[in-house]
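Enquirer: Predicted model and sequence below, questions to follow.
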Amino acid sequence: MVKVGLVVRLVAKAGKESVVAEFLAGARPTAVAEAFTPVWFALRSGPNVFYIVDAFADDSGRDQHLGGAIAAALMKNAPELLAEPPAIEKVDVLAAKLPG
């Protein structure tokens, strides 16, 4: 059961859209390897706007993810790739439908 999550909005710099898309797609194996991250999506809503949406059983899992490899790589590359700092929102999961 997932109870908490993150919604992260990313705005790519002009000319960096494909690099951001590749970065997010390449982060999937790391997210899969995180047992504490049962739900993870990398989304694109426009030419230069991306989202990471993920959910966790509890605050501990969310905090582990925020301190993990994906967040570290994102923050390291943000000045080069993003037009503005990532907008990270901690959210509560009110309802979910997951496979299985």
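Expert: Now that the structure is in, tell me what you want to look at. Residues are numbered from 1 along each chain as shown.
Enquirer: Go ahead and flag the most central residue of this structure.
Expert: I52 (3.0 Å; C-alpha atoms, centre = their mean).
Enquirer: Would you check that that residue makes contact with L24?
Expert: Yes - between I52 and L24 there is a contact under C-beta atoms under 8 Å: 7.0 Å. For every residue, glycine as well, the C-beta is placed using N, CA and C.
Enquirer: what sits in contact with each of the two?
Expert: Both I52 and L24 are in contact with A42, where contact means C-beta atoms under 8 Å, 6 or more residues apart in numbering.
Enquirer: residues making contact with the host helix or strand of A73?
Expert: Assigned by DSSP states H and E, A73 belongs to helix 69-81. Contacts to helix 69-81, defined as C-beta under 8 Å, 6+ apart, come from residues 10, 12-13, 16, 19-20, 23, 27, 30-31, 52, 65, 85-86.
Enquirer: re the thing from before, what residues does the residue nearest to the centre of the chain make contact with?
Expert: 6-8, 10, 24, 40-43, 70.
Enquirer: Buried among these? Make that a PyMOL selection.
Expert: This is the PyMOL syntax for the buried subset of the contacts of I52, where burial follows 16 or more other C-beta atoms under 10 Å:
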select buried, resi 6+7+8+10+24+40+42+70
